[in-house]
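Chemist: Sequence first, then the predicted structure, then my questions.
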Protein chains: 2
Amino acid sequence: MNDTTPFTLPAIEATANASLQARLQHKIDGKTKPLGALGRLEALALQLGLVQRSEAPALLQPQMVVFAADHGIAAEGVSAYPQAVTAQMVANMLAGGAAVNVFARQHGFALQLVDAGVAAELPAHPGLQARKIALGTKNSSQEAAMSRREAEAALTAGRQTVAALPGNVVALGEMGIANTSAAALLLARLTGASIPDAAGRGTGLDDAQLQRKQAVLARALARHPATQPLDAVAELAALGGFEIAMMAGAMLQAASERRLVLVDGFIAGAAALVAQALVPAVRDYLVFCHRSAETGHGRLLAHLNATPLLDLDLRLGEGSGALLAWPLVQSAANFLNHMASFASAGVSEK
Amino acid sequence: MNDTTPFTLPAIEATANASLQARLQHKIDGKTKPLGALGRLEALALQLGLVQRSEAPALLQPQMVVFAADHGIAAEGVSAYPQAVTAQMVANMLAGGAAVNVFARQHGFALQLVDAGVAAELPAHPGLQARKIALGTKNSSQEAAMSRREAEAALTAGRQTVAALPGNVVALGEMGIANTSAAALLLARLTGASIPDAAGRGTGLDDAQLQRKQAVLARALARHPATQPLDAVAELAALGGFEIAMMAGAMLQAASERRLVLVDGFIAGAAALVAQALVPAVRDYLVFCHRSAETGHGRLLAHLNATPLLDLDLRLGEGSGALLAWPLVQSAANFLNHMASFASAGVSEK
């Protein structure tokens, strides 16, 4: 793919494989532990095996990608922070000072930052990929956040970003002032959730600010009639988020290459909604890493039939929750690959 | 302390320190993230700072200690597995094949195994500390599980085990067929929980077996009238568990040295109940690592006012849940020590 590549959706294979699943489950059940005693890690080990088509999955060169973009709807006062914070936080990440840097270093992730559409010309930096679609989206309460062509370009850019990465695990995160608004709009549109159920306090709105945000989002949703039948690219274009579009593209590309995808919180979850609407089989490759404190995330997760690994009242974004959950993914692979079996260890079964 | 040391309880200082707490909270709130956005990790960072009396806590040479022992009450058929599995699993751990080995290697924990009272003479092994109190406890449904002298010896042995360890973090785990029965009895006695609320399926009882276990435990509890006022050592002696007693002693010693203690699941939680009954300030040093799938753990955690870090339907013991939660403890220290502040990074506040 290159910049002139026309927009296409990748082929993604569902991971279901009854024979491999039976062999994996047999291996899991033979480990020296009571049946099922590793709980959710056992389901995760099964998922890893199916994703990698292997009874001994190996997690290689995990990559963290953070997509940053601005949102026209920020002009409506839907965020607790000024829009300038998006660019400031990109600079903070490039300097290594943000939460995502700290946790990426802790867990040995290479970190890629992508300018998906920050509303400022960012100085060139070896740690920053320039994939800016525009200087922020337009204000979706007044017009479409982006054109269809821009939405397709963003999806393609997300795919290209992942296609260029080594390894078989990709964690996805984001930075973008007002992006809980775009995510809430997509959640409402793609799942039928009401605006009060979908839209929360984001980075820390008070009651009056939250009311205002919900009124703005209701207006934005009404401004753009739902596509019938659903056209997820059109919804993405109307309701926006360059970083959300790129994350959706990144998920699709990763799944098409049978990489495991670590999904962070509410915003990354909205990208997963879009990706699943485009190619349902992408779901098999997603690991939902944490349940965000943000209103709406529960509804989003239920729609995707997802139970995340962590529930720590996080609401930071950046991919921080994906990185925090990562050692559990490693543990799932490790017990599958390295624990003794009842037979090999000479331990009596029930 | 040595083998003839008389039983004493260590002095433990509560960690409360209003001035340090205010400085830690100021540091946490100044990090480049929305206020409170790291959720439970922020409370954990505060606890680490208070435990270490430092605004820059450092986690050093973490140690995993697994105490193994047998239980006379196993003769009543309260476990899904035969008693021989305790010794077999100790051998599996010495060979490096158990879940605790896999996760200890993953996270760089030194692993100590302690024979607290396995019902078999175990061959000497450099990886096994011989602190056997007896060849298993007696059957508490018929007589006291141990004498007061044995209970005191086990508490002291737990203290000695920790006193000899380097580092400032100790994770505690256990192995012992039928030890959910001893833990459930202590839970019922120390919190007033009913036997049906306290006693669950352990390693995998079916309905009929669970009913039998609950009947046995009800008999055991009735056999030993509650001490008035509460004498936690006497209750420990009556209801048993050499490994539970040693874990309680280990917690007390660790707290007296201002080490952080990672508490695994239901059985380690019962040890925490005993330790807190003996010296309430121990609670400040405990990090509850996971919410076990075992019935009764919720009640136990509520009594200790504890919300664990993980909730993954684990019910394996061995300290496995403590190790799985460890990276989150490291993340709490890391964000506190290494994230940039709004001021240092030039990021706008709300």
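Modeler: It's in. Numbers count the residues shown, from 1 in each chain, chains lettered A, B, ... in the order given.

Chemist: could I get stretch A:112-121 in PDB with only the CA atoms?
Modeler: What follows is stretch A:112-121, C-alpha atoms only, in PDB (Å, rounded to 0.1, in the frame of the first residue of the first chain):
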ATOM      1  CA  GLN A 112       5.000   4.700  17.500                       C
ATOM      2  CA  LEU A 113       3.300   8.100  17.600                       C
ATOM      3  CA  VAL A 114       1.200   9.000  14.600                       C
ATOM      4  CA  ASP A 115      -0.100  12.500  13.800                       C
ATOM      5  CA  ALA A 116      -3.500  11.500  12.400                       C
ATOM      6  CA  GLY A 117      -4.800  15.100  12.400                       C
ATOM      7  CA  VAL A 118      -3.600  17.300  15.100                       C
ATOM      8  CA  ALA A 119      -4.800  21.000  14.700                       C
ATOM      9  CA  ALA A 120      -1.200  22.300  14.700                       C
ATOM     10  CA  GLU A 121       1.800  21.900  12.400                       C
END
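
Chemist: Show me what counts as buried in stretch A:159-170.
Modeler: By neighbour count on 16 or more other C-beta atoms under 10 Å in any protein chain shown, the buried set for stretch A:159-170 is A:159-162, A:165, A:168-170. In short, each C-beta sits where N, CA and C put it, glycine included.

Chemist: Mind checking which of those are in helices?
Modeler: When DSSP state H defines the helices, the subset of the buried residues of stretch A:159-170 inside them is A:159-162.

Chemist: Pick the one among those closest to A:Asp207.
Modeler: Of all those, A:Asp207 sits closest to A:Thr161, with 38.6 Å by C-beta to C-beta.

Chemist: Around the nearest residue to A:Gly97 once chain neighbours are set aside, how many other residues sit close by?
Modeler: Among residues not flanking A:Gly97 along the chain, B:Ala340 sits closest, at 2.7 Å (C-beta to C-beta, 6 or more residues apart in numbering or on different chains). Neighbour count of B:Ala340, defined by other C-beta atoms under 10 Å in any protein chain shown: 22.

Chemist: so what's A:Leu239 up against?
Modeler: Residues near A:Leu239 by C-beta atoms under 8 Å, 6 or more residues apart in numbering or on different chains: A:140, A:145, A:182, A:185-186, A:189, A:220-221, A:224.

Chemist: ok, back up a step: could the ones in helices among the buried residues of stretch A:159-170 go into CSV alongside distance to A:Ala74 and pLDDT?
Modeler: As requested, these are exported to CSV (distance: C-beta to C-beta, whole Å; pLDDT from 0 to 100):
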residue, distance to A:Ala74, pLDDT
A:Arg159, 27, 98
A:Gln160, 27, 98
A:Thr161, 24, 98
A:Val162, 27, 98
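
Chemist: got a pLDDT number for A:Asp3?
Modeler: Predicted confidence (pLDDT) for A:Asp3: 52.

Chemist: I meant A:Thr203, not that one.
Modeler: On the pLDDT scale, A:Thr203 is placed at 87.

Chemist: which SS class is it?
Modeler: Secondary structure assignment for A:Thr203 (DSSP: H, G, I helix; E, B strand; the rest coil): coil.

Chemist: Would you confirm that it contacts B:Gly36?
Modeler: No - applying C-beta atoms under 8 Å as the test, A:Thr203 and B:Gly36 come out as separate, 10.0 Å apart.
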